[in-house]
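Peer 1: quick one: sequence plus predicted model below, questions after.
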Amino acid sequence: MSNLGASLTSYSSAKLSGTYSDILFGANGSGNIDGTCPRSYSTVTDHGLLYSSLSSTDQALVQTAIKSYVNTQATEYADDLLGTYLSDTSLASTYVAYSGSGTVTTNGDYFRIEGPRVWIEFSVQKGVIFSSDIHYHTIWRDKYGDYGGKCIS
């Protein structure tokens, strides 16, 4: 995310207009249980920059970031998800964005990768015990199959 953030700062359209103090779609719905499936992402109106507007080098950084999350799963699941997330069709509708300085060292920095199915957020937070330190909040969500499950409508 550090490399991706640094590259995004060279694209003015990738910078979000707002500030983000935390991730938007964490695993906490009503009563701290995320029971909405599939979750509505329609409240997000500032999407950032289309993947296709990035240089090929920066597109590779986006793919590397996506793979770093998905490859934490069993190979059979990761391969299927990566096939979906990294297909030409999906990438044509994928956005990348940041808010803050574009680093992973400043409180309030925020990064997002948003595709037709993939949703990744990375937020830099102030330390809880030592306020001069930082820590990270991050999440990877699949808009149609969160937490390895399939949503049934």
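Peer 2: Received it, and whenever you're ready, just let me know what you need. Residues are numbered from 1 along each chain as shown.
Peer 1: first-to-last residue distance for stretch 14-27?
Peer 2: Using Cα to Cα, to the nearest Å, the end-to-end distance of stretch 14-27 comes out at 25 Å.
Peer 1: quick one: buried residues of it?
Peer 2: The neighbour-count check on stretch 14-27 (16 or more other Cβ atoms under 10 Å) flags 14-16, 20, 23, 25 as buried. In this view, the C-beta of every residue, glycine as well, is placed from N, C-alpha and C.
Peer 1: touching stretch 129-145 from outside, list them.
Peer 2: Stretch 129-145 has contacts (Cβ atoms under 8 Å, 6 or more residues apart in numbering) with 1, 22-23, 25-27, 38-39, 41, 69-70, 81, 104-107, 116-128, 150-151.
Peer 1: buried ones only from those residues, please, as a ChimeraX command.
Peer 2: With 16+ other Cβ under 10 Å as the criterion, this ChimeraX line picks the buried residues out of the contacts of stretch 129-145:
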select :1,23,25,38,39,69,70,81,104,107,116,117,118,119,120,121,122,123,124,125
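Peer 1: which residues of the protein fall in helices?
Peer 2: For the chain, the helices defined by DSSP state H occupy 2-8, 56-70, 75-85, 88-91.
Peer 1: where in the protein is pLDDT low?
Peer 2: 28-39, 147-153 (pLDDT under 70).
Peer 1: grab the most central residue of it for me.
Peer 2: Residue closest to the mean C-alpha point of the chain, counted by Cα atoms, centre = their mean, is Ile120 at 1.9 Å.
Peer 1: excluding its backbone neighbours, what's nearest Thr72?
Peer 2: Ala78 (7.8 Å; Cβ to Cβ, 6 or more residues apart in numbering).
Peer 1: could you count how many residues lie near the one you found?
Peer 2: Ala78 has 15 neighbours, counted by other Cβ atoms under 10 Å.
Peer 1: any idea how far it is from Arg112?
Peer 2: Counting by Cβ to Cβ, to the nearest Å, the gap from Ala78 to Arg112 is 21 Å.
Peer 1: I'm done for today, thanks for sticking with me.
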